[in-house]
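Chemist: below is the sequence, then the predicted model.
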Amino acid sequence: MYCPAMVILYLYILHAYNLLLEASLIKQTLYKSEPFCLLNSRIRAFNVWSDIQCARHCLSNAPPPCDATIWNSINKTCTVVQGVDGLLESHVKTTIDSQIYNTYKEGCTEFGYYYDSTTNTCLRLYHVANNKTWKDARNHCQLDGGDLISLPTREKWNFTVKFTYCAAEMWIGLKAEQWLTGEPFVNIYGIDPPILNNYDYKFPTDPEKHCGSFQSKSKNPLRDDSCNIRRKHFFVCEILIP
């Protein structure tokens, strides 16, 4: 005997099951990241009811999906990020209310790391309360399975400048005019001559004064600093992706 109530109940259960299945698949495809500086003229924000709906907008772009989503649980807004290249005037600063989800990339699933498909870079901008020396920062990155970031190409340099635009000076993977990935430093970036002079005026007694300090907003974004004594709040780690 036909029972409309049973059909409605069945459809309701099927719908709920499909929603749970979709949520599970989304959580396997996106993983939580850390706040960072966003500079993107192609960012768009809109209202949704949940982080699952936000993620659905990202994955519906496939192929390829977006690079990340930002779900603001207070304002119920979703921001879909496609690349981090754009105009400085359009930058979006993430807040404590924001949850950032990065699309899955094998080899770049360490918590807090962000994968940029354009430069094949897996990186994380750290901001620590206890300042770290260059060597301490490098040890921290190595515990993540990576190292301080090397910027041997102009494309990767430009991406990192935008990714770290809201941060103060930071440690990167440059030492004695050589990147930690082995390439010698060559000024191909269109910047003023870097101050790589094996000197730190505040700590002249340190025998190693040739560790790379980077600040994207400075007129001279690169300089040598003390490796063992000078400390900074910020540093950038990367995990190399084959």
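Modeler: That came through, no problem.
Chemist: middle-most residue in the protein, spatially?
Modeler: Centre of the chain computed as the mean C-alpha position; nearest residue by C-alpha atoms, centre = their mean is Tyr114, 3.8 Å away.
Chemist: that one and Ile229: what is the separation?
Modeler: Remark: distance between Tyr114 and Ile229 (C-beta to C-beta, to the nearest Å) = 30 Å. No exception for glycine: its C-beta is placed from N, CA and C like everyone else's.
Chemist: try Asn102
Modeler: According to C-beta to C-beta, Asn102 and Ile229 sit 35 Å apart.
Chemist: those two: which is more packed in?
Modeler: Set side by side, Asn102 and Ile229 give different neighbour counts by other C-beta atoms under 10 Å, the larger being at Asn102 (24 against 15).
Chemist: correct me if wrong: that one contacts Asp116.
Modeler: No - at 9.7 Å, Asn102 and Asp116 do not qualify as touching, with contact defined as C-beta atoms under 8 Å.
Chemist: can you list residues touching both of these two?
Modeler: Jointly contacting Asn102 and Asp116 under the rule C-beta atoms under 8 Å, 6 or more residues apart in numbering are Asp67.
Chemist: okay, now the sheet partners of the lengthiest strand in the chain, with direction.
Modeler: For the chain, the strand reaching the highest residue count under DSSP state E is reported as strand 121-132. The pairing partners recorded for strand 121-132 under DSSP bridges are strand 114-116 (antiparallel), strand 232-239 (antiparallel).
Chemist: quick one: which of these is nearest Thr133?
Modeler: Across those, Thr133 has its closest neighbour in strand 232-239 (8.2 Å, C-beta to C-beta).
Chemist: so for that closest one, what gets flagged as buried?
Modeler: Using 16 or more other C-beta atoms under 10 Å as the burial criterion, the residues of strand 232-239 that qualify are 232-239.
Chemist: kindly state the beta-bridge partners for the residue nearest to the centre of the chain.
Modeler: Note on Tyr114: beta-bridge partners by DSSP bridges are Leu123.
Chemist: surely it and Thr103 touch.
Modeler: No - with contacts counted by C-beta under 8 Å, Tyr114 stays clear of Thr103, the gap being 9.9 Å.
Chemist: overlap in contacts of the two?
Modeler: Shared contacts of Tyr114 and Thr103, counting by C-beta under 8 Å, 6+ apart, come down to 67-68.
Chemist: how about residues contacting the longest strand of the chain?
Modeler: With contacts defined as C-beta under 8 Å, 6+ apart, strand 121-132 is touched by 34, 36-37, 105, 107-108, 110, 112-116, 137, 140, 144, 146, 149, 156, 159-160, 163-164, 167, 170-171, 231-241.
Chemist: from the chain's centroid, how far away is that strand?
Modeler: Its chain's C-alpha centre and that of strand 121-132 lie 10 Å apart, by C-alpha atoms, centre = their mean, to the nearest Å.
Chemist: shaky segments in this structure?
Modeler: By pLDDT under 70, the weakly predicted segments of the chain are 1-45, 59-65, 82-99.
Chemist: near Pro184, how many other residues are there?
Modeler: Pro184 has 9 nearby residues by other C-beta under 10 Å.
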